[in-house]
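1. Take this sequence and fold it.
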Amino acid sequence: MIKKRKIPNAEIPTASQADLAFLLLLFFLVSTVIDVDTGLGLTLPEYIPPEEQVEVKVDPNRMASVLVNENGDVLIDGNVVPVYQIKDLLKARIAAKNEAPKNKKMIVSLKTDRKTIYNIYIAALDQIKLAFFEVRDEYSNAKFGKKYADLDEEKQGIVKEAVPIIISLAEPEIVKK
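-> Numbers count the residues shown, from 1 in each chain. Sure thing, here's the model as predicted:
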């Protein structure tokens with residue numbers, strides 16, 4: 001009788017599976033793009049030593065004072081207003097001041113309390129910027145017949161000069177306990 005030769009069962013080698021898993025993990029870690037929050041896009045002024053600082057008198061009619069207290073109340077020139085109305089209240093004043101001579105542009109001062117809620121501060125700053133952007137759009141539409149974003153760089157420069165965004169971020173006051 002012929003002896004039947006036993007054929008071994010087919011097996012998948014598992015010795016290198018840990019190496020493969022490590023290489024795949026490494027590949028995905030290296031090839032993944034991680035989104036990083038960049039923060040606020042603010043241009044901070046250069047530091048000027050106190051002895052070199054020059055005090056400039058500003059006409060109170062050119063200033064719009066926006067105060068945000070620790071309770072989240074927003075005051076524009078002493079009047080309490082909701083955050084979403086900041087844009088509408090400032091827009092008319094910015095437009096009126098930008099029709100004045102060149103050196104009479106509107107300045108908006110945003111001042112907070114040290115304990116102000118950060119989200120309300122950002123919302124107020126956004127509303128102030130929106131007011132300036134809408135005035136720019138209206139000006140460019142009246143002068144060039146297009147929105148500001150649709151203009152070429154030269155015309156955008158003309159609009160920027162006519163409607164500059166002047167926002168003063170005042171130093172928060174120290175809260176005494």
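
2. okay, now residue 128: neighbour count?
-> 21 (other Cβ atoms under 10 Å). Placement of C-beta: from N, CA and C, glycine included.

3. okay but it is in contact with residue 106, surely?
-> No. Judged on Cβ atoms under 8 Å, residue 128 makes no contact with residue 106 at a distance of 10.6 Å.

4. what touches both of the two?
-> residue 90 (Cβ atoms under 8 Å, 6 or more residues apart in numbering).

5. how near is residue 74 to residue 111?
-> 11 Å (Cβ to Cβ, to the nearest Å).

6. Looking at those two, which has the bigger crowd around it?
-> residue 74 (23 against 17).

7. Which phi and psi values does that one adopt?
-> phi -110, psi 130 (degrees, to the nearest 10).

8. didn't it look like it was pressed against residue 81?
-> Yes. Using Cβ under 8 Å, residue 74 is in contact with residue 81, at 5.6 Å.

9. Can you show me the helices along this protein?
-> Assigned by DSSP state H, the helices in the chain fall at 17-31, 86-98, 118-144, 153-162.

10. List the buried residues in the first one.
-> I take that to be helix 17-31. Of all the residues in helix 17-31, not one is buried under the rule 16 or more other Cβ atoms under 10 Å.
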